[in-house]
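> Only the shape, not the letters, is given here:
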């Protein structure tokens, strides 16, 4: 399993133990965002049209959650960036969340998001290498 999947799994585990309230909603929001970033990176990523629909639905879902204030402040701008810039923005969006997550939800959650950010960055690098390498030729 890749780090994005591991991060998602760890967030689900934390979600199952969290008490109701902003902290639990914050974990849920992070899980949704990590899954959205995971869906636009890698070899089986979503097409642009589907990605924009997914981000729009994500924005609508997150607007109804009671989130820690530090997290709420950064989520909407990062979703806008994710919607506008697609796969290229996944790593930077997750990286922008690290500090607010650390302030509102603690070091462990922040480390999970940082790991997901690094994985998204390395996935983007792998895709760029594949695109610049071009098609392979048979000899």
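On my side now, so go ahead. Small disclaimer: the values here were computed from a predicted structure and weren't measured. Numbers count the residues shown, from 1 in each chain.

> which other residues reach stretch 97-109?
11, 14, 23, 26-27, 30, 33, 68-71, 73-75, 78, 110, 113-114, 117 (Cβ atoms under 8 Å, 6 or more residues apart in numbering). (Glycine included, C-beta is placed from N, CA and C.)

> could you redo the last one with a cut-off of 6 Å?
With contacts defined as Cβ atoms under 6 Å, 6 or more residues apart in numbering, stretch 97-109 is touched by 26, 68, 70, 71, 74, 110, 113, 114.

> just checking, what packs against the helix or strand hosting the first one?
Just to be clear, that refers to residue 26. Element membership for residue 26, per DSSP states H and E: helix 22-40. If contacts are counted by 3 or more Cβ pairs under 6 Å, 6 or more residues apart in numbering; DSSP states H and E, helix 22-40 sits against helix 3-17, helix 48-63, helix 90-105.

> Just give me the neighbour total for residue 63.
Burial measure for residue 63: 12 neighbouring residues, criterion other Cβ atoms under 10 Å.

> what residues are up against the residue nearest the centre of the chain?
Centroid-nearest residue in the chain: residue 34, 2.8 Å away (criterion: Cα atoms, centre = their mean). Listed by Cβ under 6 Å, 6+ apart, the contact set of residue 34 reads 7, 8, 116.

> Now do the same for the spatially closest residue to the first one that is not a sequence neighbour: its pLDDT.
In this case it means residue 7. What sits nearest to residue 7 in space, not counting adjacent residues and going by Cβ to Cβ, 6 or more residues apart in numbering, is residue 116, at 4.1 Å. Looking at residue 116, its pLDDT is 89.

> What distance do you get for residue 116 to residue 24?
Distance, residue 116 to residue 24, by Cβ to Cβ, to the nearest Å: 19 Å.

> Same check on residue 79?
As judged by Cβ to Cβ, residue 79 and residue 24 stand 20 Å apart.
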